[in-house]
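Asker: Quick one, what's the 3D model for this:
(one chain, ligands or ions: 2)
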Amino acid sequence: MDGSTRKRTLLKVILLGDSGVGKTSMMNQYVNKKFSPHYKSTIGADFVTKELQIDDKQVTLQIWDTAGQERFQSLGAAFYRGAECCVLVYDVNVLRSFETLNTWREEFLKQQAHPAEPDNFPFILLGNKIDLDGGNSRVVSEWQAKEWCDSRGNIAYLETSAKEGYNVDEAFLCVARTALANE
Ligand code: GTP
Ligand code: MG
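Answerer: Ligands and ions are numbered 1, 2, ... in the order given. I've put the predicted structure just below:
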């Protein structure tokens, strides 16, 4: 069978986290290899797709970017349904964005489509903006983030820079593999 006739698997993943942590930038860097320093808040939610191959499987990763700003969040929740993996993003330089991770996780679990086994739903945590000020302005350590992940089951943690493209491909590959396992 050639590539064009082979069946593709659609994987829906969703990006959540406080406003300004870099969700849209992360997605843009991954899909378009572009970064803009200008901040334009996301309203509601939107998705992009990326085709990739994982082992012998052709998959289409459908990445949903949501609004971190509170006044737009009620719009976002409608899109949680049917996601196979949830990517939580925080900014390593902003303590509050780390402290709200729990709320994001719990809100997501409340809204999405697998209420039977919420503890087994796969999350991935990304600590973004590690490039900022050469790492001097960071307030959340890698150790703290890993601790957060370990105390909530098996959550993978990666540190990223959407600006420099650091670990961005790796992060989404991890997301895709996790989503595929949950498909
Ligand atoms: P909402 O849409 O409001 O939820 O925000 P968001 O999480 O989508 O944040 P966005 O991607 O719009 O980024 C916010 C600001 O941070 C922008 O000015 C980006 O240029 C900047 N930014 C994003 N990622 C990085 C990064 O890795 N490093 C640096 N230095 N800046 C970044
Ligand atoms: Mg955004």
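
Asker: CA atoms for contacts and neighbours, from now on please.
Answerer: OK.

Asker: what's the spacing between residue 121 and ligand 2?
Answerer: The spacing between residue 121 and ligand 2, counted by Cα to the ion, to the nearest Å, is 24 Å.

Asker: right, I mislabeled it, should have said residue 125
Answerer: 17 Å.

Asker: name the helices or strands packed onto the helix or strand where that residue lies?
Answerer: Using DSSP states H and E, residue 125 maps to strand 123-128. With contacts defined as 3 or more Cα pairs under 8 Å, 6 or more residues apart in numbering; DSSP states H and E, strand 123-128 has these neighbours: strand 85-91, strand 156-159.

Asker: Can you give the contact residues for whatever helix or strand comes next after it?
Answerer: Downstream of strand 123-128, the next assigned helix or strand under DSSP H and E is helix 142-150. For helix 142-150, the external contacting residues (Cα atoms under 8 Å, 6 or more residues apart in numbering) are 125, 127, 155-157.

Asker: in helix 142-150, what's buried?
Answerer: 145, 148-149 (16 or more other Cα atoms under 10 Å).

Asker: tell me the average confidence for it?
Answerer: Helix 142-150 shows a mean pLDDT of 97.
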